[in-house]
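Undergrad: Any chance you could fold what I've pasted below:
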Amino acid sequence: MNTLAKIPVTVITGFLGSGKTTLIQHLITNANGRKLAVLVNEFGSEGVDGEILKSCADANCPAENIVELANGCICCTVADDFIPAIEQLISRRVKPDHILIETSGLALPKPLLKAFDWPEIRSRITVDGVIALADAEAVAAGRFAPDPVAVEAQRAADENLDHETPLSEVFEDQIACADIVLLTKADLAGAEGLEAAKAAIAAEMPRRVPVLPVVDGAVDARVVLGLEAAAEDDLAARPSHHDGEDEHEHNDFASVVVELPEVVNIDALVASIQRLAREQNVLRAKGYIAVAGKPMRLLLQSVGERVRHQFDMPWGTRPRRSKLVLIGERDDIDEVAIRAGLGV
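TA: Numbers count the residues shown, from 1 in each chain. This is a model prediction of the structure:
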């Protein structure tokens, strides 16, 4: 079979909170007649993104075509999780026209691309392209590093100190692997912020690729799908900090799952999460919240101190359970302090 006969797969990667799920929601609802399938990978055992995407499933991407791998980084569990999940999708009686893979914010895309060389799937699918998302405002401010000011102070004090933080390595590997970079939340960055973000990304790119500003995931599917990059055959052009290593670990990060009682004051919850971002270096929080007196569930997501929330759908027959997943660097995250900060 030639490449054009294979099912195309788009790998959507990006740092924590960069807007991957929002982009996929937009592609599902603007598929231009394509039958889509989605493979969602999240860090930690509690998945939220899969439920968000299933809530916008339609005839072109029914709920059964949205498969969630919520326990373990997809690039570290290729044989156990990724290969069986892909085989399940491409063996459906009605095969998808295009598969979208949402990696976790911690995933390195290059090891995942190598999996497409596995005999079980190589003749049946191809990597149409790798789309890297980057939060324009955060990149412009250098916030993909845990504490850029402290890092630069260390560099100034010790000329022999020249190692990168785990967060920046993840960011650089994702950018270096991309066929297109989407600068998300462009409206929050402003014109100067966008230019600064583009300059920062250009400094990490091993080759020229399009860099496009995006707001709320709104990008024409014709721009990001149908690239025909066959990225699995183009690995040499996509350098990684981990080239030559058989595997990588994510021991630098940890997640805490917290169940809450029904929330009375949404603003107080938001303030608590912002305080945890400042005091406990919580990088990301997301989950569903039951609000007292409200029949709708509250979807809450945060990146650092930026917290967004909205009522997304009725609870219906689902149990009214409030649950948050919080992610931070392992050396910083303190489950006891996080629970205390949330009042549980």
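Undergrad: Packing partners of the helix or strand where residue 87 lies?
TA: Assigned by DSSP states H and E, residue 87 belongs to helix 83-90. Under the contact definition 3 or more Cβ pairs under 8 Å, 6 or more residues apart in numbering; DSSP states H and E, helix 83-90 sits against strand 36-41, strand 66-69, strand 98-102, helix 119-122. For every residue, glycine as well, the C-beta is placed using N, CA and C.
Undergrad: among these, which is nearest residue 260?
TA: Closest to residue 260 of the helices and strands packed on helix 83-90, according to Cβ to Cβ: strand 66-69, at 22.4 Å.
Undergrad: can you list contacts of the helix or strand harbouring residue 269?
TA: In this structure, residue 269 sits in helix 266-279 according to DSSP H and E. Helix 266-279 is contacted from outside by 260, 263, 282-283, 285, 289, 291, 298, 300, 302, 304-305, 307, 309, 326, 337-338, 341-343, using Cβ atoms under 8 Å, 6 or more residues apart in numbering.
Undergrad: Could you identify the buried members of these?
TA: 260, 263, 282-283, 285, 289, 291, 298, 300, 302, 304, 307, 309, 326, 338, 341-342 (16 or more other Cβ atoms under 10 Å).
Undergrad: Which ones among these lie within helices?
TA: 338, 341 (DSSP state H).
Undergrad: In this structure residue 237 contacts residue 208, no?
TA: No. Applying Cβ atoms under 8 Å as the test, residue 237 and residue 208 come out as separate, 11.2 Å apart.
Undergrad: Of these two, which one has the most company?
TA: More crowded of residue 237 and residue 208, by other Cβ atoms under 10 Å: residue 237, with 11 against 7.
Undergrad: Angles on the backbone of residue 228, please.
TA: When read as degrees, to the nearest 10, the backbone of residue 228 gives phi 50, psi 40.
Undergrad: Can you find the helix or strand in this structure with the smallest mean pLDDT?
TA: helix 148-157 (a mean of 41; mean pLDDT, DSSP states H and E).
Undergrad: Which positions within the helix or strand following it qualify as buried?
TA: Following helix 148-157 in sequence order, the next helix or strand is helix 166-176 (DSSP H and E). Neighbour-count burial for helix 166-176 flags 166, 167, 168, 169, 170, 171, 172, 173, 174, 175, 176 (criterion: 16+ other Cβ under 10 Å).
Undergrad: and if you look at stretch 207-215?
TA: Of all the residues in stretch 207-215, those buried under the rule 16+ other Cβ under 10 Å are 209, 211, 212, 213, 214.
Undergrad: Filter the residues you listed down to the ones in strands?
TA: 211, 212, 213 (DSSP state E).
Undergrad: Could you export those as JSON lines, including pLDDT?
TA: Putting those into JSON lines (pLDDT from 0 to 100) gives the following:
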{"residue": "211", "pLDDT": "92"}
{"residue": "212", "pLDDT": "92"}
{"residue": "213", "pLDDT": "93"}
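Undergrad: what are the bridge partners for residue 290, then?
TA: Counting by DSSP bridges, residue 290 forms beta bridges with residue 297.
Undergrad: I am finished for the moment; much appreciated.
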